[in-house]
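Peer 1: Predicted model follows, preceded by the sequence.
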Amino acid sequence: MSSTFPIRFLGALVEDWSLKSFVVFVVCVVLSQFIGALWYSPVFFGDLFIKLAYPKIKKADLNKKFAGPASKITYMIGMITGAVTVFLIRSCVILLDAKTIGDGASIGLFLASIDGIFGIVHPLFEARPVQLYFLHLGYHAFAFSVLGAIISVTRI
C-alpha cells in the first residue's frame, strides 16, 4: 500500500459533493430503505422473517409490539445507518474509481461479504436460526450491489 493511501481515502470521502452527487446520495439512502421494506414484506421474505425472528409471537401481535415511539426511533436509526452505508459505498466507489454497473455491484458484493464474514457469529452465539442470518445477508448483498452500481454509473 502506498504512502498516499490515507490521503486518497480522505479525498474519496469529500470528492465531488455537487448537487447531482447529493441527489444520488439521497436517492440511494431512500432506495436502500425501500429495498429493505420490500425484502422484509410479505411480497418477498416477510413471512419467513417473522417465522424465524419471532417464532413465539403471533403475526397479529407484532403490530402491537412495534407500534409507538420505539418504532419511530428504529426507523430513524435505520435511515441514519442507511446514510452511513451509502456514504461508505460511495467512498469505496470513488477510491477504486469504479464507473460501470459491474464495478459498482462488485464493490457492493465485496462489502456485503465483509458484513457476512463478521456477522456469521451472531446467530451462532445467540442461538438464532442461521437461516435468519442468510436472509439478512441476502438483503445486504442485493442492496449494496444495487447501490454500488447506481453510484458508479452516476459518477460519469
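Peer 2: Sure, I can see it.
Peer 1: Tell me how many other residues surround Ala98.
Peer 2: By other CB atoms under 10 Å, 23 other residues sit near Ala98. (Glycine included, C-beta is placed from N, CA and C.)
Peer 1: gap between it and Tyr54?
Peer 2: 38 Å (CB to CB, to the nearest Å).
Peer 1: swap in Gln131?
Peer 2: Gln131 is 14 Å from Tyr54, by CB to CB.
Peer 1: just Asn63 next, same as before
Peer 2: Counting by CB to CB, the gap from Asn63 to Tyr54 is 12 Å.
Peer 1: Looking at the two, which one has more neighbours?
Peer 2: Just comparing Asn63 and Tyr54: by other CB under 10 Å the higher neighbour count belongs to Tyr54, 13 against 9.
Peer 1: Spatially nearest residue to that one (excluding sequence neighbours)?
Peer 2: Ranked by CB to CB, 6 or more residues apart in numbering and with sequence neighbours excluded, the top spatial neighbour of Tyr54 is Leu62, at 6.4 Å.
Peer 1: what about that neighbour, which helix or strand?
Peer 2: Using DSSP states H and E, Leu62 sits in helix 59-65.
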